[in-house]
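Novice: Fold the following, please.
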Amino acid sequence: MPDSRTRKWYLAVTVTASGGAFLAMLDSTVISLAIADVKDDFAGASVTGLSWIVSVYAIMFAAFLPTTGKLSDALGRRRLFCVGVGLFTIASVLCSFAPNLLTLIIARAVQGVGAAAMIPASLAILLLDGPADRRSSSIGLWTAASAGGAALGPSIGGVLIELSSWRAVFIINIPFGIALVVAALRLLDAPGETSARRIPDPLASVLIAVGIGALTLGVTEGGNWGWSSGGTLGSFAAGLLALSYALLRSRRHPAPAIDTVLWGNRTFATANIVMVLYGMAQYAFMLVTVLYLTDIWNYSELRAGLANTPGALSASIVAVVAGRLAPKLGGPRSATVFGLIVFGACCTWLAFGLTEQPAFLFFWLPACLLAGTGLGAATTGVSAAAALSAPPNMFASASGMNTTARQFGGALGIAAMASILAHGGQESGGTDPYSDVFVFSLALVGLALVISAIGLRLGAPAAAPAPAEPAQSQT
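Specialist: Alright, predicted model coming up:
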């Protein structure tokens, strides 16, 4: 970083990049409490149709992350960040004024693509535009922003819906999106010229998006369609075939859509396996807590969101602290193991201690703080392990694939949670089905903890592929 760049400049860059991560993750959960309000506006909308407002964002987000990670490395982080935030903002405008459900679903799909571009580009900005000796801290800040956005989504959504309507959930994105684009253009260096040879294989990029999208679609809708239905099995088959062929092309293509060399690194591979398991536990945990508070304690959506706010705040604080302390206390592995142990303790607390009567101060608040501490430390540790196991020119690709693992794991976790609640008789009003979900999360956290303790060994970054020979034109 040039000497003329000051601490104030670095702080501005950090806020800009972290702001993009915050917005992307916020919109993955902020709409969850607004479905009933949307249904009132669009008379005749089915429950299945309304579920696509949430599902299509997650599907497009997960499907395009690997491709956008590679594009960030190839096109330049500033360029892709601005394109992603711009697309996200335009889609937010369309969501805000959607005249019908179909328009809203299409706009949410576009929003998911924009979010997929924002995530890897934002982390690459923090890692490459900031001091090299502060990369662990930068990952902590980025994790705090993304974890805080996802965790605060229900609370912010509940407040906005209470004060206005579901449209306010999207309107609030617009001024922040414009501000982020302006800040990125002013603060960051203009990207250099991009050679067509560096653009990742277009066919494989499309196949990856189709493959992940099809798998996520099958997992998300399997409970509604039936796990043995033609639609579910067809989605899984199409997804596996598309991804298999994309991987085969990537092994021999000069500009692969997926850097298969990264998967030869033990820490990177372990971090992604752990992130799938952790994502399953985290997303199931986050959604079932809101359902428990509204169904058993009879909290309003707004009150349920606010009741979980202490956990969101503690997750953000712990992520920042973990990013700063992890290098001194054993690296990403120590943060991951600590976080998973604390998160597991919280799952145990809830699995065996649920009450039918509200007990916020002495039961729910301690659980929230435990959850926030565990989630903040674990997310920071796993994200850092994945990013720092890659060489600098692959930071965005590594973070993109790791976030994809988390989103796909989240889709699996939510589908499993829905199945557990349905078979456990959620409508009966007892706490047993909710306890079963927390036991499910605890089992996943335990497995992730064992794999982390054995496999996360952050050594030298994976070797980067040899760069293409420069300055030769192609026909």
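Novice: Low-confidence ranges, the protein, go.
Specialist: For the chain, residues meeting the criterion pLDDT under 70 lie at 1-5, 47-48, 73, 190-198, 425-429, 458-475.
Novice: Walk me through the domains of it.
Specialist: When the chain is parsed with automatic domain parsing, its domains come out as 7-187+196-200+257-455, 202-217+225-254.
Novice: Mean neighbour count for those - can I get that in a markdown table?
Specialist: Yep, even glycine has a C-beta here, placed from its N, CA and C like the rest. As requested, the domains of the chain are exported to a markdown table (neighbours: other CB atoms under 10 Å):
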| stretch | mean neighbour count |
| --- | --- |
| domain 7-187+196-200+257-455 | 22 |
| domain 202-217+225-254 | 18 |
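Novice: how about the strands in the chain?
Specialist: Here the chain has no strands by DSSP state E.
Novice: how close does Met280 get to Ala418?
Specialist: 13 Å (CB to CB, to the nearest Å).
Novice: next one: Ala443
Specialist: Ala443 is 17 Å from Ala418, where distance means CB to CB.
Novice: again, but for Ile174
Specialist: Taken as CB to CB, the span from Ile174 to Ala418 is 32 Å.
Novice: Surely Ser441 is in contact with Leu287?
Specialist: No - contact status for Ser441 versus Leu287: not in contact, 10.7 Å apart, counting by CB atoms under 8 Å.
Novice: thinking Asn308 is in contact with Ile156, fair?
Specialist: No - between Asn308 and Ile156 there is no contact under CB under 8 Å: 11.4 Å.
Novice: Skipping its backbone neighbours, what lies nearest Met394 in space?
Specialist: Spatially, and ignoring its direct neighbours in sequence, Met394 is nearest to Asp259 (5.8 Å; CB to CB, 6 or more residues apart in numbering).
Novice: any idea how far the one you found is from Val85?
Specialist: To Val85, Asp259 is 25 Å away according to CB to CB.
Novice: next one: Ile317
Specialist: Here the distance between Ile317 and Val85 works out to 26 Å (CB to CB).
Novice: Could I get the contacting residues of Val13?
Specialist: Counting by CB atoms under 8 Å, 6 or more residues apart in numbering, Val13 makes contact with 125-126, 129-130, 187-188.
Novice: can you put the residues you listed in JSON lines and add distance to Leu141?
Specialist: As requested, the contacts of Val13 are exported to JSON lines (distance: CB to CB, whole Å):
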{"residue": "Ile125", "distance to Leu141": "11"}
{"residue": "Leu126", "distance to Leu141": "7"}
{"residue": "Asp129", "distance to Leu141": "13"}
{"residue": "Gly130", "distance to Leu141": "9"}
{"residue": "Leu187", "distance to Leu141": "16"}
{"residue": "Leu188", "distance to Leu141": "17"}
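Novice: Please flag which of these sit within helices.
Specialist: 125-126, 129, 187 (DSSP state H).
Novice: Which one of those is nearest to Leu33?
Specialist: Leu126 (30.4 Å; CB to CB).
Novice: wait, isn't that closest one in contact with Ser138?
Specialist: Yes - here Leu126 reaches Ser138: they are 4.0 Å apart, a contact under CB under 8 Å.
Novice: Quick check: neighbours shared by these two?
Specialist: Both Leu126 and Ser138 are in contact with Thr14, where contact means CB under 8 Å, 6+ apart.
Novice: quick one, what contacts the nearest residue to Gly226 once chain neighbours are set aside?
Specialist: If the residues on either side of it in the chain are set aside, Gly226 comes closest to Thr232, at 6.4 Å by CB to CB, 6+ apart. Each residue near Thr232 by CB under 8 Å, 6+ apart is listed here: 218, 221-222, 225-226.
Novice: Please report the distance of Thr232 from Phe440.
Specialist: 21 Å.
Novice: Stretch 392-400: how far from the chain's middle?
Specialist: Distance, stretch centre to chain centre, for stretch 392-400: 15 Å (CA atoms, centre = their mean, to the nearest Å).
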